[in-house]
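1. Next input, structure requested:
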Amino acid sequence: QLQLVESGGGLVQPGGSLRLSCAASGFTLDYYAIGWFRQAPGKEREGVSCISRSGGTTNYADSVKGRFTISRDNAKNTVYLQMNSLKPEDTAVYYCAADHLCWWDPSKYDYWGQGTQVTVSS
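-> Numbers count the residues shown, from 1 in each chain. Sure, this is the predicted structure:
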């Protein structure tokens, strides 16, 4: 069974950092691009970042550019999202998703994790 499991969320003060992980089981992550999305209460799911299968291409939403870094370790079958300089507006449930290409449209992705809550508050 193909599964993605996110972890690393939590409560952090503004300006703090978190590192999210997206671990795959039941399939090899090498063949998939991985996107990170987030959804705040009452808002639509939005794309945050994406990394290509090789890791050679990364994309970021303007709102997180310069603060977030996506990376992957195919040997560990895991993708990471390092989030620095966090702001209250980054508060959301964060999801990772897998497809053969990077997309900003969440409907293009075949596989999703269950999400991890990130709360930025003092």
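2. Let me know the pLDDT of the closest residue to F27 other than its chain neighbours.
-> On the basis of C-beta to C-beta, 6 or more residues apart in numbering, the spatially nearest residue to F27 that is not a chain neighbour turns out to be L2, at 4.8 Å. From N, CA and C alone the C-beta is placed, and that goes for glycine too. According to the model's per-residue confidence, L2 sits at a pLDDT of 82.
3. Quick check: L2 vs N59, distance?
-> 23 Å (C-beta to C-beta, to the nearest Å).
4. If you count surrounding residues, which of these two has more?
-> Of the pair L2 and N59, N59 is the one with more neighbours under other C-beta atoms under 10 Å, namely 17 against 11.
5. Enumerate every residue touching the more buried one.
-> If a contact means C-beta atoms under 8 Å, 6 or more residues apart in numbering, then N59 has 49-51, 102, 104 as its contacts.
6. mind checking the SS state of A24?
-> Taking DSSP: H, G, I helix; E, B strand; the rest coil as the rule, one finds A24 in the strand state.
7. wait, isn't it in contact with N74?
-> No. Under the contact definition of C-beta atoms under 8 Å, A24 does not touch N74, with a separation of 9.7 Å.
8. So for these two, which residue has more residues nearby?
-> Relative neighbour count places A24 above the other of A24 and N74, with 23 against 16, counting by other C-beta under 10 Å.
9. Can you pull the phi/psi pair for the residue lying closest to the more buried one once chain neighbours are set aside?
-> Leaving aside its chain neighbours, A24 sits nearest to N77 (4.8 Å; criterion: C-beta to C-beta, 6+ apart). Summarising the backbone geometry of N77 under the convention degrees, to the nearest 10, its torsions are phi 60, psi 40.
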